[in-house]
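Student: let's see this in three dimensions:
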Amino acid sequence: MRQRGDRVKGSGVALAAAAARASALKGRTTCQRQRRGFWIATGCFVVCVVLYMCLGNSIVFQSSAQQQQQQRLWTRKLLVLTERDVMALNVATSQVANLATLPTLDDLIKLAAEVGAVYAQLLEQVTAAQEAEDDGRALRELGVSPNYLSSVCVSLRRAADVSYAKLKAMLLQEANAELHMAPTSLVRIMYGWMLGNIYLYSAVLPEYYLLQDDTPSHALALMRSLNVFSWSPHVHTVSSPETHKHGAAVMTYDLFNWSGGVACKRGLLSHVPHAMRFCESSFSSWFAVALRVAATYEELIVLHPSYAPLRLHYAISFAFLAMDTAADAVTGGTQSPDEHAAKALKIIRGDRSKLERTYRHADEAHGPILVLLEAFLTPVGLYTADHVAQLVAALRAWRSCAEAQAALLKTTAWPGDVFPGEYRPPLLRDAQLRHLLAKAQLQLGDDHAALQKLRLCV
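Tutor: Here you go, the predicted structure:
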């Protein structure tokens with residue numbers, strides 16, 4: 001019994017020790033489980049964060065890659081004109097030539113501008129390659145043949161000429177003009193059409209003609225761009241014959257104010273960056289138009305330096321820029337009106353000294369207009385007795401207001417053979433003639449005899 005009891009007693013001690021060890025082991029296991037759970041949770045969190053960051057970077061990279069790919073595709077599009085592009089332009093041109101409708105003319109203007117933008121940038125690359133001193137390697141790498149450049153130019157020129165003819169008929173109200181009501185009812189669309197045509201004639205085609213040293217085609221393209229510029233006021237003053245017949249009030253539109261001052265960005269060619277840059281500098285306001293007109297006459301004078309009519313138009317456009325320069329100075333322009341007037345006077349006096357012995361095909365009104373412009377730009381206190389005598393002689397060139405208006409405000413032909421059969425804009429606008437005569441009145445006095453016959457024009 002003692003032995004059994006001893007065994008029982010010994011067994012109880014062992015059980016107690018085992019229980020203690022089990023309890024300690026359980027505690028350690030629980031602690032380890034808790035610690036293991038913490039690290040597992042932490043690891044999962046870290047993995048999630050890493051995955052999130054990787055996924056985000058992947059999305060950003062993918063988006064960036066897509067943008068770069070689109071940019072590369074657009075760049076390739078800008079630098080390559082396929083045969084299909086040129087064929088589409090030819091088809092659109094033929095459709096408008098046969099019958100101009102609102103959709104067909106709109107499509108032609110947009111397509112021609114898109115093709116023209118690619119072509120202009122390609123010409124820039126060709127010009128740069130020709131100027132590179134690398135034995136023609138850059139030009140060979142471009143792989144652009146002269147025949148290719150010529151054929152694209154022919155297509156663009158035909159598109160420009162067809163659009164020009166349709167715009168001319170609409171804006172000048174020629175007989176049987178298609179879309180004859182567009183100038184008064186679709187000012188925004190008309191603005192886009194005019195911009196597209198000016199863009200081709202002024203910024204695209206001249207680059208090829210300059211490359212080929214083709215002076216006649218170069219000059220004609222610039223001249224037609226000037227004609228479209230000169231028709232700009234017709235967009236907001238043109239009216240139908242029925243309006244005049246019934247004595248109704250003529251509604252007026254402003255070619256630029258429809259857009260709140262951002263006509264280029266809201267216009268027909270806002271998706272063509274090359275055309276947009278041209279628009280901002282040349283067709284975004286009346287002042288921009290005046291600047292571009294004067295600059296284009298400068299280009300034409302370089303091409304035909306002795307042709308007097310170009311110098312007369314340039315002198316007029318540059319002289320009246322003085323008024324726009326005054327407005328520009330108020331808004332923070334860099335040139336003062338006095339500085340511009342001094343430059344204009346220098347041009348006018350230089351032309352007067354060379355008119356008879358250097359220039360050819362001068363208009364009868366050339367000399368008198370230069371005298372009027374000089375009087376217009378000269379301050380009253382600086383006008384001498386010799387100036388007064390010259391001004392009186394100039395005013396006697398016209399016997400009446402009607403005669404002066406017929407000579408100065410109506411379209412005339414280009415003398416000589418420089419621009420045969422081409423439209424020529426009037427020498428002056430009605431407001432410009434009034435400004436010249438009003439300043440002459442200040443220089444001579446209100447009751448001077450030389451002004452009596454022109455009183456109705458003042």
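
Student: the closest residue to Ser163 other than its chain neighbours and Leu226, how far apart?
Tutor: Using Cβ to Cβ, 6 or more residues apart in numbering and skipping the chain neighbours, the partner closest in space to Ser163 is Asn197 (4.8 Å). C-beta here means a position set from N, CA and C on the backbone, and glycine is covered the same way. In this view, Asn197 and Leu226 are 12 Å apart by Cβ to Cβ, to the nearest Å.

Student: what of Leu195?
Tutor: Separation of Leu195 from Leu226 (Cβ to Cβ): 14 Å.

Student: just the strands in this protein please.
Tutor: With strands called from DSSP state E, the chain shows none.

Student: how is it partitioned into domains?
Tutor: Domain segmentation of the chain under automatic domain parsing yields 78-303, 304-458.

Student: just the C-alpha atoms of stretch 425-438, please, in PDB.
Tutor: Extracted C-alpha coordinates of stretch 425-438, given in PDB (Å, rounded to 0.1, in the frame of the first residue of the first chain):
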ATOM      1  CA  PRO A 425      -8.500  96.600-103.900                       C
ATOM      2  CA  PRO A 426      -9.400 100.200-103.700                       C
ATOM      3  CA  LEU A 427      -6.600 102.600-102.800                       C
ATOM      4  CA  LEU A 428      -8.500 103.900 -99.800                       C
ATOM      5  CA  ARG A 429     -11.400 103.000 -97.600                       C
ATOM      6  CA  ASP A 430     -14.100 105.600 -97.000                       C
ATOM      7  CA  ALA A 431     -13.000 106.200 -93.500                       C
ATOM      8  CA  GLN A 432      -9.400 106.700 -94.600                       C
ATOM      9  CA  LEU A 433     -10.400 109.300 -97.200                       C
ATOM     10  CA  ARG A 434     -12.300 111.200 -94.500                       C
ATOM     11  CA  HIS A 435      -9.300 111.100 -92.200                       C
ATOM     12  CA  LEU A 436      -7.000 112.500 -94.900                       C
ATOM     13  CA  LEU A 437      -9.300 115.300 -95.800                       C
ATOM     14  CA  ALA A 438     -10.000 116.200 -92.200                       C
END
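
Student: what comes up buried for that stretch?
Tutor: Buried residues in stretch 425-438, counted by 16 or more other Cβ atoms under 10 Å: Pro425, Pro426, Leu427, Leu428, Arg429, Gln432, Leu433, His435, Leu436, Leu437.

Student: with stretch 205-215 instead?
Tutor: For stretch 205-215, by 16+ other Cβ under 10 Å, it's Leu205, Pro206, Glu207, Tyr208, Tyr209, Leu211, Asp214.

Student: what does it contact?
Tutor: Here stretch 205-215 makes contact (Cβ atoms under 8 Å, 6 or more residues apart in numbering) with 119-120, 123-124, 126-127, 149, 153, 156-157, 160, 217-218, 221-222, 299, 303-304.

Student: low-confidence ranges, this protein, go.
Tutor: Applying pLDDT under 70 to the chain flags the ranges 1-79, 236-253, 324-335.

Student: give me the most central residue, it.
Tutor: Central residue of the chain (Cα atoms, centre = their mean): Cys279, 1.2 Å from the mean position.

Student: could you report the neighbour count for the closest residue to that one other than its chain neighbours?
Tutor: Nearest residue to Cys279, sequence neighbours excluded (Cβ to Cβ, 6+ apart): Cys264, at 3.9 Å. Using other Cβ atoms under 10 Å, Cys264 has 24 other residues around it.

Student: likewise Arg188?
Tutor: By other Cβ under 10 Å, 14 other residues sit near Arg188.

Student: Gly267 is in contact with that one, correct?
Tutor: Yes - applying Cβ atoms under 8 Å, one finds Arg188 in contact with Gly267, separated by 7.4 Å.

Student: please enumerate the shared neighbours of those two.
Tutor: Common neighbours of Arg188 and Gly267 (criterion: Cβ under 8 Å, 6+ apart): Ser259.

Student: thinking again about what came up before, what about the residue nearest to Ser163, distance to Pro206?
Tutor: Asn197 is 14 Å from Pro206, where distance means Cβ to Cβ.

Student: next one: Leu142
Tutor: For Leu142 relative to Pro206 (Cβ to Cβ), the value is 21 Å.

Student: over to Glu114?
Tutor: Distance of Glu114 to Pro206, given as Cβ to Cβ: 19 Å.

Student: what sits against the nearest residue to Leu451 once chain neighbours are set aside?
Tutor: In space, and not counting its chain neighbours, Leu451 is closest to Gln441: 5.9 Å by Cβ to Cβ, 6+ apart. Gln441 sits next to His448, Leu451, Val458 when contact means Cβ under 8 Å, 6+ apart.

Student: show me where the stretch 51-200 of the chain has helices.
Tutor: Ranges of helices within the stretch 51-200 of the chain are 83-98, 102-131, 137-142, 146-171, 182-185, 187-199, based on DSSP state H, counting those that start in this stretch.

Student: figure out which of the ones you listed is closest to Ala393.
Tutor: In terms of Cβ to Cβ, the element of the helices of the stretch 51-200 of the chain nearest to Ala393 is helix 146-171, at 37.0 Å.

Student: tell me which residues of that closest one come out buried.
Tutor: 149, 152-153, 155-164, 166-171.

Student: OK, contacts around Ala159?
Tutor: Applying Cβ under 8 Å, 6+ apart, the residues near Ala159 are Leu89, Ala92, Thr93, Leu108, Leu111, Ala112, Leu200.

Student: hang on, isn't Val144 packed against Val126?
Tutor: Yes - with contact defined as Cβ under 8 Å, Val144 counts as touching Val126 (5.9 Å).

Student: and Leu377, how far is that from Gly367?
Tutor: Taking Cβ to Cβ as the measure, Leu377 falls 16 Å from Gly367.

Student: let me fix that, I meant to ask about Leu268.
Tutor: Distance from Leu268 to Gly367, by Cβ to Cβ: 43 Å.

Student: Asn98 too?
Tutor: Following Cβ to Cβ, the distance that separates Asn98 from Gly367 is 47 Å.

Student: ok, Glu124 next?
Tutor: For Glu124 relative to Gly367 (Cβ to Cβ), the value is 42 Å.

Student: mind checking which of the two has more residues around it?
Tutor: Between Glu124 and Gly367, counted using other Cβ under 10 Å, the more crowded position is Gly367 (19 against 12).
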